[in-house]
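> the sequence and its predicted three-dimensional model are supplied below.
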Amino acid sequence: MDEIVPRKTLVKQFSKGAGGVGGGIALWVLSGLGGLGSLIVGGLIAVVGLAISTSEDDRTAGLITTGAGALTMVTAVPFLGGLAGALMSISGIALLIGGGYNLFQFFRGMKNRR
């Protein structure tokens, strides 16, 4: 029989899983933007990321968000947009896989608690 997974571990697994899946879907959607839309949305995301990064606890998440916003803005540049869009799609797939794995671990741990 499997051991009971601590609640703190389950919360961390669910948070990482939900964030990964949500972030992956968001990157896929953002990679499809182009032109003025990607500049506006990317700028907003970058500003939000900078605001998040002012907190010491959330500095890494804020910098990652700022980077995603900057990459979204780069998709508007004609000669770099294709490369940036491809990188965002690959990153989105990686986040979906990682988030799915964490959610799988969460549900497996929940099953063991019964």
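That came through, no problem.
> list the contacts of stretch 25-38.
41-42, 45, 68, 72-73, 75-76, 81, 84-86, 88-89, 91-92, 95-96 (Cβ atoms under 8 Å, 6 or more residues apart in numbering). For the C-beta atoms, the positions are set from N, CA and C on the backbone; glycine is no exception.
> just the buried members of those residues?
Buried members of those, counted by 16 or more other Cβ atoms under 10 Å: 41-42, 45, 68, 72-73, 75-76, 81, 84-85, 88-89, 91-92, 95-96.
> who's in contact with the spatially most central residue of the chain?
Most central in the chain under Cα atoms, centre = their mean is residue 23, positioned 2.8 Å from the mean C-alpha point. Applying Cβ under 8 Å, 6+ apart, we find residue 23 in contact with 92, 95, 99.
> buried stuff in the one helix or strand it maps to?
According to DSSP states H and E, residue 23 maps onto helix 7-31. Buried residues in helix 7-31, counted by 16+ other Cβ under 10 Å: 10, 13-14, 16-17, 20-21, 23-24, 26-28, 30-31.
> how far does the next helix or strand after that helix sit from the chain's center?
Counting by DSSP H and E, the element after helix 7-31 in chain order, helix or strand, is helix 36-52. Relative to its parent chain, helix 36-52 has a centroid offset of 14 Å by Cα atoms, centre = their mean, to the nearest Å.
> what comes up buried for helix 36-52?
38, 39, 41, 42, 45, 46, 49, 52.
> per-residue pLDDT, the third one?
The reference is to residue 41. On pLDDT, residue 41 comes in at 86.
> which residues touch it?
30, 33, 72.
> for those, which one is nearest residue 109?
Distance to residue 109 across the contacts of residue 41 (Cβ to Cβ) is lowest for residue 30, with 31.4 Å.
> that older thread, could you dump the buried residues of helix 36-52 to a markdown table with distance to residue 105?
A markdown table is the format used below for those (distance: Cβ to Cβ, whole Å):
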| residue | distance to residue 105 |
| --- | --- |
| 38 | 34 |
| 39 | 38 |
| 41 | 32 |
| 42 | 32 |
| 45 | 28 |
| 46 | 32 |
| 49 | 27 |
| 52 | 26 |
